[in-house]
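Colleague: sequence? don't have it. structure:
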């Protein structure tokens with residue numbers, strides 16, 4: 001192993017990434033640019049990060065023997081998304097180098113634990129209740145009122161594993177969907193009448209130093225992130241969200257990257273979700289910042305000093321879903337101003353993230369206007385299906 005007593009990994013060491021989707025792919029590309037070797041592990045034999053890995057393994061996230069064999073061959077472990085087997089990672093962490101640890105991961109994997117922890121450290125969340133049956137749901141709705149969001153406590157992302165209940169009629173209209181969701185432990189979240197959704201990437205090193213990336217405003221459609229835009233770092237919004245990000249990082253003893261999704265209502269910030277890894281809304285940092293979120297994560301887990309992050313330009317990022325891919329391929333050929341990233345994930349299924357495109361703008365107002373235009377285009381395209 002190419003590892004010093006201070007856990008500083010020199011170029012030439014091997015970084016093992018558990019998960020080989022687009023986040024793993026972009027982590028691998030950053031690591032290789034710094035001179036590291038990259039190994040990836042994923043159950044999908046056609047995972048898109050395999051194509052850019054120095055070597056890879058195919059295996060289940062629950063296969064202890066396969067993961068142990070993988071861990072034995074690398075110098076440091078990391079993971080690209082939070083829906084991996086946290087308990088198994090905890091076992092690996094006892095004998096292998098996983099600088100992120102698993103505490104924040106295990107907390108973020110259960111929405112009830114996540115919200116309880118956030119409240120314990122003094123951060124606000126939407127009001128919530130645990131739900132394990134139809135009777136629990138009815139009681140929780142009486143206490144929290146409508147509208148409310150029912151979610152499974154574990155797994156689920158991009159709108160999966162959840163349902164919005166706008167009024168009592170939805171209990172009948174969505175009866176089949178409700179029964180499917182209630183087959184697993186759930187959480188009912190009271191609705192926050194937010195002005196906007198925002199997120200921030202925060203990074204921590206081995207010495208307890210933390211840094212924030214520029215705050216983004218996020219626009220979702222049908223539960224999936226559609227467009228992210230940078231906001232002025234000197235704005236009150238950016239400062240308040242950054243305070244939340246640093247609070248999470250310090251309380252968690254964060255090593256590596258964490259994406260934090262928030263609801264902003266007036267001058268109040270409510271934390272919605274934590275993702276202890278790179279985040280979709282941070283993709284624009286590849287072009288808009290001097291170091292990307294992926295660069296920052298690699299620096300952290302290899303024990304190197306954190307770079308001082310600078311926003312080089314206001315920007316927006318637009319997700320390219322399966323239903324948008326053919327149109328995006330046409331745009332790419334006649335759109336010299338867009339930075340296109342196509343993940344090569346195989347079949348372009350509806351609502352599957354197949355790539356993204358980033359645009360740099362001269363002003364934050366221009367970024368805001370452009371984000372609004374793309375939001376309209378996304379909605380029109382979805383309504384035309």
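Modeller: Happy to help now that I have it. None of the values given here were measured: they were computed from a predicted structure. Numbering: from 1, shown residues only.
Colleague: ok, residue 356 touching residue 319?
Modeller: Yes - in this structure, residue 356 is within contact of residue 319 by CB atoms under 8 Å, at 5.3 Å. Placement of C-beta: from N, CA and C, glycine included.
Colleague: any idea how far the residue nearest to residue 342 when sequence neighbours are not counted is from residue 164?
Modeller: Residue nearest to residue 342 in three dimensions, not counting chain neighbours: residue 355, with 4.1 Å by CB to CB, 6 or more residues apart in numbering. Separation of residue 355 from residue 164 (CB to CB, to the nearest Å) stands at 28 Å.
Colleague: ok, now which ones touch the closest residue to residue 348 other than its chain neighbours?
Modeller: Computed as CB to CB, 6+ apart, the closest residue to residue 348 that is not its neighbour in sequence is residue 322, at 3.9 Å. Residues near residue 322 by CB atoms under 8 Å, 6 or more residues apart in numbering: 347, 348, 349, 350, 351, 352, 354.
Colleague: if I look at the fifth one, how far off is residue 87?
Modeller: Using CB to CB, one obtains 30 Å as the distance from residue 351 to residue 87.
Colleague: out of those two, which sits in the more crowded spot?
Modeller: The residue with more neighbours, out of residue 351 and residue 87, is residue 351; 16 against 11, by other CB atoms under 10 Å.
Colleague: distance of that one from residue 91?
Modeller: Per CB to CB, residue 351 is found 34 Å from residue 91.
Colleague: next one: residue 289
Modeller: As for residue 289, its distance to residue 91 is 36 Å (criterion: CB to CB).
Colleague: which one of those two has more residues nearby?
Modeller: Neighbour totals were compared for residue 289 and residue 91, and residue 289 leads with 23 against 15 (other CB under 10 Å).
Colleague: Please tell me I have it right and that one contacts residue 213.
Modeller: Yes - Residue 289 lies in contact with residue 213 (CB under 8 Å); the separation is 6.7 Å.
Colleague: who touches both of those two?
Modeller: Common contacts of residue 289 and residue 213 (CB under 8 Å, 6+ apart): residue 309.
Colleague: Find the residues that touch each one of residue 356 and residue 319.
Modeller: Residues touching both residue 356 and residue 319 (CB under 8 Å, 6+ apart): residue 280.
Colleague: Tell me where the stretch 251-385 of the chain has strands.
Modeller: For the stretch 251-385 of the chain, the strands defined by DSSP state E, counting those that start in this stretch occupy 256-265, 268-275, 315-321, 339-342, 353-360.
Colleague: Format those as CSV; extra columns: mean neighbour count.
Modeller: Formatted as CSV, these follow (neighbours: other CB atoms under 10 Å):
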stretch, mean neighbour count
strand 256-265, 23
strand 268-275, 20
strand 315-321, 26
strand 339-342, 16
strand 353-360, 22
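Colleague: Report the contact partners of the spatially most central residue of the chain.
Modeller: Residue closest to the average C-alpha location in the chain (CA atoms, centre = their mean): residue 279, at 3.1 Å. Neighbouring residues of residue 279 by CB under 8 Å, 6+ apart: 199, 201, 257, 259, 261, 293.
Colleague: List just the nearest of the residues you listed to residue 16.
Modeller: residue 257 (16.5 Å; CB to CB).
Colleague: ok, so what distance separates that closest one from residue 205?
Modeller: Per CB to CB, residue 257 is found 11 Å from residue 205.
Colleague: any common contacting residues for these two?
Modeller: Listed as contacting both residue 257 and residue 205 by CB under 8 Å, 6+ apart are residue 300.
Colleague: quick one: low-confidence ranges for the chain?
Modeller: Applying pLDDT under 70 to the chain flags residues 1-6, 156-160, 377-385.
Colleague: So it: which segments form each domain?
Modeller: With automatic domain parsing as the criterion, the domains of the chain are listed as 14-98, 127-190, 196-383.
Colleague: Put together a markdown table for the contacts of residue 279, with distance to residue 373 on each row.
Modeller: Formatted as a markdown table, those follow (distance: CB to CB, whole Å):
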| residue | distance to residue 373 |
| --- | --- |
| 199 | 21 |
| 201 | 25 |
| 257 | 30 |
| 259 | 25 |
| 261 | 23 |
| 293 | 25 |
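Colleague: The stretch 1-150 of the chain: helices as residue ranges?
Modeller: 22-33, 64-72, 86-95, 103-108, 111-120, 134-144 (DSSP state H, counting those that start in this stretch).
Colleague: got it, and the stretch 251-385 of the chain?
Modeller: Ranges of helices in the stretch 251-385 of the chain, per DSSP H, counting those that start in this stretch, are 285-288, 293-301, 325-334, 364-383.
Colleague: which one of the ones you listed is the most hemmed in?
Modeller: helix 293-301 (a mean of 25; mean count of other CB atoms under 10 Å).
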